[in-house]
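Chemist: Here's my sequence, what's the structure:
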Amino acid sequence: MKYNTLIIEKKEYDLIKRIISMGKYQKDDTYKTSISKLKEELTKAQIVKKDKLPNDVIRFNSCVTIKTPFLEKTYQLVTPEHSDLKNNKISFLAPMGLALFGYAKDDEITWHFPSGESTIKIIDVTQTS
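Modeler: Numbers count the residues shown, from 1 in each chain. Take a look at the predicted model:
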């Protein structure tokens, strides 16, 4: 892990905490597992002001190029109402979005997905406005 911990902007952290608190009502086991893992990682996360967030950390609206054993692709991490898989926009609430949030370029993550456990290598991160 590049920064030894997740790094999350304060306002986004507050939003994620609210969403996690509602996660216990989900019925999907993969989603519950992803929420649980993120919740655990948040206990060790570094929470920073927006101007202190490194540019290569994945946050809302980041464009992220990832590589898995199955594909290399670029996605934009968005809020659920802007999710559009045809245009490579994934919700941060999807298992992939939950896996990526707060990590940085060059990090490798092992995460549980509906298809099983997989390793994700973060190739590049760019910020959009």
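Chemist: ok, and for the strand ranked longest in the chain, which residues are buried?
Modeler: Criterion DSSP state E: the longest strand present in the chain is strand 116-126. Using 16 or more other Cβ atoms under 10 Å as the test for burial, strand 116-126 gives 118, 120, 122, 125. Quick note: C-beta positions are derived from backbone N, CA and C, even for glycine.
Chemist: Just want the angle from the lowest-mean-pLDDT helix or strand in the chain to strand 116-126.
Modeler: Least confident helix or strand, the chain: helix 29-42 with a mean of 78, by mean pLDDT, DSSP states H and E. With axes from the mean of the first three to the mean of the last three Cα atoms, to 10 degrees applied, the angle from helix 29-42 to strand 116-126 works out at 60 degrees.
Chemist: And Lys89, its phi and psi?
Modeler: Its backbone dihedrals place Lys89 at phi -110, psi 110, with angles given as degrees, to the nearest 10.
Chemist: How about the contacts made by the residue nearest the centre of the chain?
Modeler: In the chain, the centroid-proximal residue (Cα atoms, centre = their mean) is Phe101; its distance is 2.3 Å. Counting by Cβ atoms under 8 Å, 6 or more residues apart in numbering, Phe101 makes contact with 6, 8, 16, 38, 58-59, 77, 92.
Chemist: Would you list the buried entries among these?
Modeler: For the contacts of Phe101, a burial check counting by 16+ other Cβ under 10 Å picks out 6, 8, 16, 38, 58-59, 77, 92.
Chemist: just to revisit the earlier point, so for the least confident helix or strand of the chain, what gets flagged as buried?
Modeler: So for helix 29-42, counting by 16+ other Cβ under 10 Å, buried means 30-31, 33-35, 37-38, 41-42.
Chemist: Could you measure from the closest residue to Asp107 other than its chain neighbours over to Ile8?
Modeler: Nearest non-adjacent residue to Asp107, counting by Cβ to Cβ, 6 or more residues apart in numbering: Ile122, 4.9 Å away. Distance, Ile122 to Ile8, using Cβ to Cβ, to the nearest Å: 15 Å.
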